[in-house]
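*Asks:* 3D model of this:
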Amino acid sequence: MNSLPHLSSTPGCPAAPVIVATRLAKTPLALADAAAPGAPILFANDAFGALLGRDPAALAGRPLSTLSTTPHADLTPGGTLRMDVETADGRVFPAALSIAAVRGADGAPLCLLCSLIDARGDGADEAIARDATLLAQVAQAAGELMRESGIAAGAAPAGDHDATATRIAREAVERAIGNDGQAPR
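*Replies:* Predicted structure coming up:
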């Protein structure tokens, strides 16, 4: 399993709470740098790596735009991009990359929370739409909680970083989907 990077190991993005949430999720999730060209991946969870047949740690630094067999320049937060992705063994399959911004107090993106969904099969369109909605809700809640905790771009919270990150990640998911694990309707 991926180790939790220390908060200060991700320059410009106080991402530990979002990294905790992505690390624990079963959905293929990644965190990307909102400020850098091509939005390079800062962290990918095990499910994200498994979908691509790659070690999640090896995806760090890879621009999101290069996940597709045809590079895409339009990586707009709040959108879903349909693409064909290639796995490590050369297989190509249709996927959907949803992108949500975790915003700071000034409204600027601190980082991007991304999900990659296999777009094959019946029900894929509905699953992609649900995923994009939930991703946006979790990103919004994480941003709110990080601001409430006094975490700003390039800053680390006082005290136990991992405990703060875990609390914020848990509360962000609870705010977005509720304690019962069901998305609000």
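
*Asks:* tell me the mean pLDDT over stretch 148-166?
*Replies:* The pLDDT scores in stretch 148-166 average 53.

*Asks:* for this structure, just list every one of the helices.
*Replies:* 16-24, 46-52, 124-148, 161-177 (DSSP state H).

*Asks:* show me where this protein dips below the pLDDT cut-off.
*Replies:* The chain contains residues with pLDDT under 70 at 1-25, 72-74, 149-185.

*Asks:* for it, longest strand please?
*Replies:* strand 92-103 (DSSP state E).

*Asks:* so what strands line up beside that strand?
*Replies:* strand 79-86 (antiparallel), strand 109-118 (antiparallel) (DSSP bridges).

*Asks:* pull out the buried residues from the last one.
*Replies:* I take that to be strand 109-118. Pro109, Leu110, Cys111, Leu112, Leu113, Cys114, Ser115, Leu116, Ile117 (16 or more other Cβ atoms under 10 Å). Bear in mind the C-beta positions are built from the backbone N, C-alpha and C, glycine included.

*Asks:* the first one too?
*Replies:* Judged by neighbour count (16+ other Cβ under 10 Å), strand 79-86 contains these buried residues: Thr80, Leu81, Met83, Val85.

*Asks:* just those now: which is nearest Leu51?
*Replies:* Proximity of the buried residues of strand 79-86 to Leu51 (Cβ to Cβ) peaks at Val85, which lies at 8.0 Å.

*Asks:* which non-adjacent residue is nearest that closest one?
*Replies:* Closest residue in space to Val85, ignoring its immediate chain neighbours: Ala95 at 4.7 Å, by Cβ to Cβ, 6 or more residues apart in numbering.

*Asks:* spit out the contact partners of that neighbour.
*Replies:* Neighbouring residues of Ala95 by Cβ atoms under 8 Å, 6 or more residues apart in numbering: Leu51, Leu67, Arg82, Met83, Asp84, Val85, Leu116, Ile117, Asp118, Ala119.

*Asks:* pull the number of nearby residues for the residue nearest to Leu42 when sequence neighbours are not counted.
*Replies:* Spatial nearest neighbour of Leu42, chain neighbours left out: Leu31 (4.8 Å); criterion: Cβ to Cβ, 6+ apart. Neighbour count of Leu31, defined by other Cβ atoms under 10 Å: 28.

*Asks:* kind regards, and thank you for your time.
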